[in-house]
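*Asks:* sharing a model that was predicted from the sequence below.
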Amino acid sequence: MTNHLRLGVNIDHVATIRNARGGLHPDPLRAAEMAAAAGADGITVHLREDRRHITDADLDRLSIGVALPINLEMAATDEMLGIALRHRPHAACIVPERRTERTTEGGLDAAGQHNVLAPIVSRLADAGMRVSLFITPDERQLEAAARLGAPVVELHTGPYAHAEGGAVVFELERLARAAELGVRMGLEIHAGHGLTFDNVAPVAALPTLAELNIGHFLIGEAVFVGLDAAIRRMRAAMDAARAAA
Ligand code: PXP
């Protein structure tokens, strides 16, 4: 357990906006530098197979130019493994990836894909990366992650973020139980997906979490208040929730 809840800022959608015009603006590297100045603890990017947002060239520049640890979200493919091994980011988070999805929709089937994931997890870990698996908050997936030897899991907060009415508490309790179980298994627990100013506090208050990864909302909010202000407000909301817990 840790008192400081780390904030990983996912800057993919800075690249999405840039790519809409095909030029150089807005620059994800500049966003990463601003995120660092605003209190982010890490920068997260997802290099997708179709390169719809962050590109290989972005990853090159970010790897050289960003002082913060980089968390590379990646599909469990040979191509992505090769890229991760060349760049050796601080962390590699294995996520499921479907070409037709708008964003990462579900968690990884760590249980069903053991044989595919095992060599990838061990090669990433052997190269010094902190490997994390993006999973739904359930016992079977946690056990599978532990069996794979991943030191970290990132719990999918999408079902919590999109829940309504009584389902919100149900999903929050599911996250809390999974996080506690994961800590008992010796895993470091991260969480992310769909988090906003309005829903982050109950998640940030969970003492078993070490890191939140937040992207789409922050980049969207930056349109209105600026990236620096959006990240500072998220940082403050997380810290306040932790302090009150
Ligand atoms: N964590 C993982 C593994 C993700 O795939 C994403 C989305 O790219 C996030 C966190 C961040 O989600 P959001 O963009 O909804 O904040």
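*Replies:* Cool, got the structure.
*Asks:* so which residues on this structure come close to the ligand?
*Replies:* The chain comes close to the ligand at residues 10, 12, 46, 73, 93, 95, 103-104, 134, 154, 192-195, 213-217, as judged by C-beta under 6 Å from any ligand atom. Quick note: C-beta positions are derived from backbone N, CA and C, even for glycine.
*Asks:* quick one: the one helix or strand Ala240 maps to to chain centroid distance?
*Replies:* Ala240 is located in helix 227-244, with elements delineated by DSSP states H and E. Using C-alpha atoms, centre = their mean, to the nearest Å, the mean C-alpha position of helix 227-244 is found 17 Å from that of the whole chain.
*Asks:* what lies in contact with it?
*Replies:* Applying C-beta atoms under 8 Å, 6 or more residues apart in numbering, the external contacts of helix 227-244 come out as 3-5, 7, 9, 31, 34-35, 37-40, 197, 200-205, 207, 212, 214, 218-219, 221-222, 225.
*Asks:* same thing with stretch 190-202?
*Replies:* 8, 10, 93, 103-104, 132, 152-158, 160-162, 172, 175, 179, 203, 206, 209-217, 221, 233-234, 237-238, 240-241.
*Asks:* quick one: buried ones out of the contacts of helix 227-244?
*Replies:* 5, 7, 9, 31, 34-35, 38-40, 200-205, 207, 212, 214, 218-219, 221-222 (16 or more other C-beta atoms under 10 Å).
*Asks:* so which of the residues of the chain next to the ligand belong to strands?
*Replies:* Counted as lying in strands by DSSP state E, out of those, are 10, 46, 73, 93, 134, 154, 192, 213-214.
*Asks:* quick one: which of these has the most company?
*Replies:* Neighbour counts for those, by other C-beta atoms under 10 Å, peak at Glu154, which reaches 31 neighbours.
*Asks:* thought Phe134 was touching that one, still the case?
*Replies:* Yes: counting by C-beta atoms under 8 Å, Phe134 is a contact partner of Glu154 at 4.7 Å.
*Asks:* which neighbours do these two have in common?
*Replies:* Common neighbours of Glu154 and Phe134 (C-beta under 8 Å, 6+ apart) are Cys93.
*Asks:* can you tell me the closest non-neighbouring residue to the residue nearest the centre of the chain?
*Replies:* The residue lying closest to the centre of the chain (C-alpha atoms, centre = their mean) is Asn213, at 4.0 Å. Nearest residue to Asn213, sequence neighbours excluded (C-beta to C-beta, 6 or more residues apart in numbering): Gly192, at 3.5 Å.
*Asks:* run through the bridge partners of the one you found.
*Replies:* Gly192 forms beta bridges with His156, Asn213, as assigned by DSSP bridges.
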